[in-house]
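Q: Need coordinates for the following:
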Amino acid sequence: MGLLDRLSRVVRANISQLVNGAEDPEKILQQTVLDMQSDLVSMRQAVAQAIATQKRTERQCQQAERTAAQWYDRAQLALKKGEEDIARDALTRRQTYVQTEQSLKAQLPQQREIVQQLKANMGHLERKIADARTQKDMYIARARAAQSSVRLNEMMMNNAPGGLGAFEKMEARVLDLEAQAQATAELGTDSIEHQFSQLESEGNIDSQLSELKAKMIEGEPT
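A: All right, here's what the predicted structure looks like:
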């Protein structure tokens, strides 16, 4: 066996092992895309939750800022009324809300960064899914083509010299039938021609017999 024949057999064997493996390539690709889509749903939920947390922190921060401003106004009002102790309590309350506002503002940059990172990851995953869908269709087409190639190679091997394949058997059967039909037609033709030959021969003999009779009559003495 030549080198090319051996390589061809190895390639066919590898393709057969890949295509006819225990797992269906199409199902694997379909499931992979479904898993990625499930991950995308989870990531979208995470992004939505992070955005909601950021918005809530912003609202709480704004609310603390407004409340601190209200207590500051109350402290001013108490001083105008000569109520220094009340003004002191108001400023104490204000300081609590100012601290809350500062704490919430310190959290916002990190929360915004998390939201941006999650959005970037989500966009990356969306692009990956789009590419995966394209790749999936391409690989499914290639897998089906490989399966067809394997079946074609098997048919070619079955039709190789040393054994008749289905098509060669059919061809031989058709040739036999055609030969039988031709022989029957020739036999039929020969039979008709033979009959006509006999008729023509009989007609010629009758003519010769009539001619002979006429000569004999002429030769008789009067």
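Q: which helices and strands sit right next to the top helix by length along the chain?
A: In the chain, taking DSSP state H as the definition, the longest helix is helix 84-158. Here helix 84-158 is seen to pack against helix 3-19, helix 25-80 when contacts are counted using 3 or more CB pairs under 8 Å, 6 or more residues apart in numbering; DSSP states H and E. C-beta here means a position set from N, CA and C on the backbone, and glycine is covered the same way.
Q: between the longest one and helix 84-158, how many degrees?
A: Helix 25-80 and helix 84-158 meet at an angle of 170 degrees, taking axes from the mean of the first three to the mean of the last three CA atoms, to 10 degrees as the criterion.
Q: Contacts only, for the closest residue to Met36 other than its chain neighbours.
A: Among residues not flanking Met36 along the chain, Ile129 sits closest, at 5.0 Å (CB to CB, 6 or more residues apart in numbering). Residues near Ile129 by CB atoms under 8 Å, 6 or more residues apart in numbering: Val33, Met36, Gln37, Leu40.
Q: Just the buried residues of stretch 53-71, please?
A: Applying a neighbour-count criterion of 16 or more other CB atoms under 10 Å, one finds Gln54, Thr57, Glu58, Cys61, Ala64, Glu65, Thr67, Ala68, Trp71 buried in stretch 53-71.
Q: can you list the residues that contact that stretch?
A: Residues outside stretch 53-71 that contact it (CB under 8 Å, 6+ apart): 90-91, 93-95, 97-98, 100-101, 104-105, 107-108, 111-112, 115.
Q: swap the cut-off to 6 Å and go again
A: 90, 93-94, 97-98, 100-101, 104-105, 107-108, 111, 115 (CB atoms under 6 Å, 6 or more residues apart in numbering).
Q: export that stretch as PDB, just CAs?
A: This file holds the C-alpha atoms of stretch 53-71, laid out as PDB (Å, rounded to 0.1, in the frame of the first residue of the first chain):
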ATOM      1  CA  THR A  53     -27.700  49.700  44.000                       C
ATOM      2  CA  GLN A  54     -25.900  52.700  42.500                       C
ATOM      3  CA  LYS A  55     -29.100  54.600  42.000                       C
ATOM      4  CA  ARG A  56     -30.300  53.800  45.600                       C
ATOM      5  CA  THR A  57     -26.900  55.100  47.000                       C
ATOM      6  CA  GLU A  58     -27.300  58.200  44.900                       C
ATOM      7  CA  ARG A  59     -30.800  58.800  46.200                       C
ATOM      8  CA  GLN A  60     -29.700  58.200  49.800                       C
ATOM      9  CA  CYS A  61     -26.800  60.500  49.300                       C
ATOM     10  CA  GLN A  62     -29.100  63.300  47.900                       C
ATOM     11  CA  GLN A  63     -31.600  62.700  50.700                       C
ATOM     12  CA  ALA A  64     -28.800  63.000  53.400                       C
ATOM     13  CA  GLU A  65     -27.600  66.200  51.800                       C
ATOM     14  CA  ARG A  66     -31.100  67.700  51.800                       C
ATOM     15  CA  THR A  67     -31.700  66.700  55.400                       C
ATOM     16  CA  ALA A  68     -28.400  68.100  56.500                       C
ATOM     17  CA  ALA A  69     -29.300  71.400  54.800                       C
ATOM     18  CA  GLN A  70     -32.700  71.400  56.600                       C
ATOM     19  CA  TRP A  71     -31.100  70.900  60.000                       C
END
